[in-house]
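# Attaching a predicted model along with its sequence, questions to come.
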Amino acid sequence: MVTEKDVAYVAELAHLELTDEERARMLKDLNSILGYIDRLNELDTANVEPMAQVAARYGKNDAQSFAEAMRPDEPRPCLPHDEALRNAPKSDGVFFKVPKVIER
Amino acid sequence: MNIDQLTVKSARTAVLEKQITATALADAFYKKIEAEDAAINAYLTLCKDRAYAQAARIDTLADKGDPLPPLAGVPIAVKDVFTTKDVRTTAASKILENFIAPYDATVVEKLENAGAVILGKTNCDEFAMGSSNENSGFGPVHNPRDPSRVPGGSSGGSAAAVAAGTAVASIGSDTGGSIRQPAAFCGVVGLMPTYGRVSRYGLIAFASSLDHPGPFAKTVNDAAILLEVLAGRDPCDSTTADVPVPSYVEQVGRPITGLKVGVPAEYLGEGLDAEVRAAVENGIQELASAGAEIVPISLPHTAYAIPTYYVVATAEASSNLARYDGVRYGLRADGKTLAEMYRRTRDAGFGAEVKRRIMLGTYVLSAGYYDAYYLKAQRVRSLLARDFDEAFAKVDVVVTPTAPTPAFKLGEKADDPLAMYLADIFTVTADLVGIPGISIPCGNSKEGLPIGMQILGKHFDEGTVLRVAHVAEHVLAGKNG
């Protein structure tokens, strides 16, 4: 059962603040959805491997799955500096600008 | 020229045979969009400069008598989750309202290299999270077959544009059914390729292990043409598979005599709309008449697919959406501290469903719940994959309804997230397992709403899926007039 405290804690982890109204709604929705998700516990999965990626299960052959795709670690052209900054809400032309992080 | 009936094939032929120039074709589509799209809201951004420049290139090729590429002059719409260089790319989110992408998605690059004219970017649920397109930050899309109803989601704009004839074909993305379900609701063809068949480079990530780019079209043959253009290994996406791309078009038109079609009992059980059941059972009967062998099968873990999906997808989404923090691009709200700026930006920029999924995903990954939810769901994901492994040892394809009902009314499920999630009950498993699937029209309800039939295949066997879909399309079109 998710509590108001859990909602506040998870919102903090997710960098969301949420209004009081949103928090009340979130409490209701998360409990309803997690209640539905709980049916996964009907299954015994003690001896089942977790599957994080489709590629890990399938491949060219039994020995080599697509999850093992490797490439040479070589430098390649990347986004030019000015283009990378073009969408920045605040920048000084060299760096992204953010509110002060370290007080001195 | 009447552009309403144009297919990828006939549009290219019209340009090739100089019945119309690519430029005049683009003009005709923009006129139609300007006249008709306000009522549908399928497009978020039109990219006319880019479209006309591309059309001019095709017209120059045609004038010189040079060979024309496979999509030469074909007007196509792209879901606004694919980046387009120098064109606004929003993922239908206020947080990216003014984002101008600095590079093209591989899918976009491949379309243009093949001669396609990209008309614009289509509406969708915010960050592709939804089943009705009502979660767009820029207003819902209306179903062209009945404007009081949803077009499905999340690729609702892409499906609606093809259904309305404001694009010849379009591109969407499918994470839990977001190509196939809107295709069913709008009465068009929607193909989700195998995971790793089409590059995700430049696709704004929702759930990286589940996101599948794919085409919408009016015909199965068009879907085959598009897949042939889109498929293949991409060095920019390490999850694309190094598997040769066959000629999908050659598969279309081949008979299905002797092919084994699996029909899972779990997909035709309780909760299925009676008219959908009748239409899909009829479709299966027609496949039998065309020479396929119908094999009853079981996919015993089907009931666990939705809960598995909402753990895996939201966990991945909570991580992928952490990047929207107001620093490098997108919306920024003011804050005295960095943390306050993050929170205010995300509070202001994300819609309700996106916040709900970020919260759920953060919760299932948080300390103390990771094993109980996330790891548990990954183990059940293996069981779902096993179900299909066992089925495909016996059959060549699996046929099911695409969605449990035809298109529902706007607002009908908007206040009940769980009811909305169940709209994907027949589509999510294929995303989790990574197999290809297509939805094709298989009749209409008494109210005239389209019904979709889903055909699922083995990994990288889109050829057989398309072959069966094409036969079904033709026998059903014959029957339905």
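Happy to help now that I have it.
# how near is residue B:455 to residue A:51?
The gap separating residue B:455 from residue A:51 is 24 Å, by C-beta to C-beta, to the nearest Å. Any C-beta I mention is one placed from the backbone N, CA and C, and that applies to glycine too.
# Compare these two (neighbour count), which wins?
With other C-beta atoms under 10 Å in any protein chain shown as the criterion, residue B:455 and residue A:51 differ in neighbour count, and residue B:455 comes out ahead with 27 against 24.
# Could you give the secondary structure assignment for that one?
Following DSSP: H, G, I helix; E, B strand; the rest coil, residue B:455 is assigned to strand.
# Identify the residues contacting the spatially most central residue of chain A.
With the centre of chain A defined as its mean C-alpha position, the nearest residue by C-alpha atoms, centre = their mean is residue A:14, 9.3 Å away. Taking C-beta atoms under 8 Å, 6 or more residues apart in numbering or on different chains as the definition of contact, the neighbours of residue A:14 are B:318, B:346, B:358, B:359, B:362.
# Filtering the residues you listed by proximity to chain A, which remain?
B:318, B:346, B:358, B:359, B:362 (C-beta under 8 Å from any C-beta of the partner chain).
# wouldn't the last one be in contact with residue A:10 here?
The one in question is residue B:362. Yes - using C-beta atoms under 8 Å as the test, residue B:362 is close enough to residue A:10 to be in contact (5.0 Å).
# All the helices of the stretch 1-150 of chain B, residue numbers only.
The residue ranges that make up the helices of the stretch 1-150 of chain B, judged by DSSP state H, counting those that start in this stretch, are B:8-16, B:22-36, B:48-64, B:106-113.
# quick revisit: counting only strands, which of the ones next to chain A among the contacts of residue A:14 make the cut?
Among these, none falls in strands (DSSP state E).
# okay if I get the helices of the stretch 1-150 of chain B as TSV plus mean pLDDT?
Listed next are those as TSV, based on pLDDT from 0 to 100:
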stretch	mean pLDDT
helix B:8-16	97
helix B:22-36	98
helix B:48-64	97
helix B:106-113	98
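# Tabulate those helices in JSON lines, adding columns for distance to residue B:219.
JSON lines is the format used below for the helices of the stretch 1-150 of chain B (distance: least, C-beta to C-beta, whole Å):
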{"stretch": "helix B:8-16", "distance to residue B:219": "8"}
{"stretch": "helix B:22-36", "distance to residue B:219": "18"}
{"stretch": "helix B:48-64", "distance to residue B:219": "22"}
{"stretch": "helix B:106-113", "distance to residue B:219": "18"}
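# Quick one: closest of those to residue B:261.
With C-beta to C-beta, the closest approach to residue B:261 among these belongs to helix B:8-16: 26.6 Å.
# tilt between the closest one and helix B:22-36?
Here helix B:8-16 points in a direction 130 degrees away from that of helix B:22-36 (axes from the mean of the first three to the mean of the last three C-alpha atoms, to 10 degrees).
# wait, what's in contact with whichever residue of the stretch 1-150 of chain B sits closest to chain A?
When distances are taken as C-beta to the nearest C-beta, the stretch 1-150 of chain B reaches nearest to chain A at residue B:102, 4.7 Å away. By C-beta under 8 Å, 6+ apart, the residues touching residue B:102 are A:79, A:83, A:84, A:86, A:87, B:83, B:85.
# with those in mind, which one is nearest to residue B:172?
Using C-beta to C-beta, residue B:83 is the member of those that lies nearest residue B:172, at 15.0 Å.
# Tell me the helix or strand right after the one helix or strand in chain A whose mean pLDDT sits lowest.
Using mean pLDDT, DSSP states H and E, helix A:54-57 stands out as the lowest-scoring helix or strand of chain A, at a mean of 77. If you walk from helix A:54-57 toward the C-terminus, the next helix or strand you reach (DSSP states H and E) is helix A:81-85.
# export that following helix as PDB, just CAs?
Once non-C-alpha atoms are left out, helix A:81-85 reads as follows in PDB (Å, rounded to 0.1, in the frame of the first residue of the first chain):
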ATOM      1  CA  HIS A  81      29.500  23.000 -30.100                       C
ATOM      2  CA  ASP A  82      27.200  25.800 -31.300                       C
ATOM      3  CA  GLU A  83      24.600  23.400 -32.500                       C
ATOM      4  CA  ALA A  84      24.600  21.600 -29.200                       C
ATOM      5  CA  LEU A  85      24.000  24.900 -27.400                       C
END
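# Can you get me a residue count around residue A:19?
With neighbours defined by other C-beta under 10 Å, the count for residue A:19 comes to 9.
# Identify each buried residue in stretch B:311-327, please.
Along stretch B:311-327, these residues count as buried under the neighbour rule (16 or more other C-beta atoms under 10 Å in any protein chain shown): B:311-321, B:324-327.
# With stretch A:82-92 instead?
In terms of neighbour count (16+ other C-beta under 10 Å), stretch A:82-92 has its buried residues at A:85, A:87, A:88, A:89, A:91.
# what's around the closest residue to the third one other than its chain neighbours, how many residues?
Once its chain neighbours are removed from consideration, residue A:88 has its nearest residue in residue A:96; the separation is 5.2 Å (C-beta to C-beta, 6 or more residues apart in numbering or on different chains). By the other C-beta under 10 Å criterion, the neighbourhood of residue A:96 contains 15 residues.
# got the contact list for residue A:96?
By C-beta under 8 Å, 6+ apart, the contact set of residue A:96 is A:85, A:88, A:90, B:327, B:328.
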